[in-house]
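Participant: give the three-dimensional model of this entry:
(chains A and B)
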Amino acid sequence: METAAELLILIAALWMLLGSIGLIRFPDVYNRLHASGIVGTVAILLLGLGVTWLASLQHGVVMIRPLAAVALIFFISPVSTHMIAQAAHRSGVALAAGSVRDDLAEANQEGKGRAG
Amino acid sequence: MTFLDLALAVLGLSLALALARVILGPTAPDRAMALEAAGVHLVAIMGVWSVRARGDFFDAMLVLAAVSFVGTLALANYLGKGWPIDGDRR
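Facilitator: A predicted model of the protein is given here:
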């Protein structure tokens, strides 16, 4: 059972490495936020499940606190991803060279400051 | 060399990549995003280390998760020139 939990933690760590490789290789802030979203949601939730399972096996009781910490990150990380994307768009960071369209800029043109 | 040691090595490499983006990042939102990802990596390393050492650092995980969100909120507030949650305010 402990080996299964350790394997779950290892898979989560590899998933987090995948997100970081995307953080290095993508060409743009808005593209890199996708990879950052992988780190903050899927990888940390998988790792938290593994850590909770393993700690519960080690201590003999059901551990709630690692699951609480990971659930906090899981619910907060999409919010901070949206906040950083909105801040980047407001501060005028340009899109990558191959980008096709910018819907938020068009909406700002039409609505004059309604949508952020 | 158990799975947990290997996971710690992979997490360290991943944290190094995120910090490389902090150093390289051409714009400030890049650095803010990479710092947030590095905070998530620190929480993950803390969790893996506490089960590897059969210790108990889970309170520190909780506190670091909350404080990391506050830091990202302040950075987005500064970079976007306004409160980042309310979309109508300019």
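Participant: C-alpha from now on. contacts and neighbour counts both.
Facilitator: Noted.
Participant: which stretches of chain A have low pLDDT?
Facilitator: A:111-116 (pLDDT under 70).
Participant: ok, now chain B?
Facilitator: B:1, B:84-90.
Participant: tell me where it has strands.
Facilitator: With strands called from DSSP state E, chain B shows none.
Participant: find the closest residue to chain A in it.
Facilitator: B:Gly80 (3.8 Å; Cα to the nearest Cα).
Participant: how much space between that residue and B:Phe58?
Facilitator: 33 Å (Cα to Cα, to the nearest Å).
Participant: helices along chain B, start to end?
Facilitator: Assigned by DSSP state H, the helices in chain B fall at B:3-24, B:28-52, B:58-79.
Participant: quick check, the residue of chain B closest to chain A in contact with A:Arg90.
Facilitator: Yes. B:Gly80 is within contact range of A:Arg90, at 5.4 Å (criterion: Cα atoms under 8 Å).
Participant: neighbour-wise, which of those two wins?
Facilitator: Shown here are B:Gly80 and A:Arg90; by other Cα atoms under 10 Å in any protein chain shown, B:Gly80 has more neighbours (21 against 17).
Participant: quick one: the more buried one from A:Ala85, how far?
Facilitator: With Cα to Cα as the criterion, B:Gly80 and A:Ala85 are 9 Å apart.
Participant: let's have the helices of chain B in TSV, adding mean neighbour count.
Facilitator: As requested, the helices of chain B are exported to TSV (neighbours: other Cα atoms under 10 Å in any protein chain shown):
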stretch	mean neighbour count
helix B:3-24	19
helix B:28-52	23
helix B:58-79	18
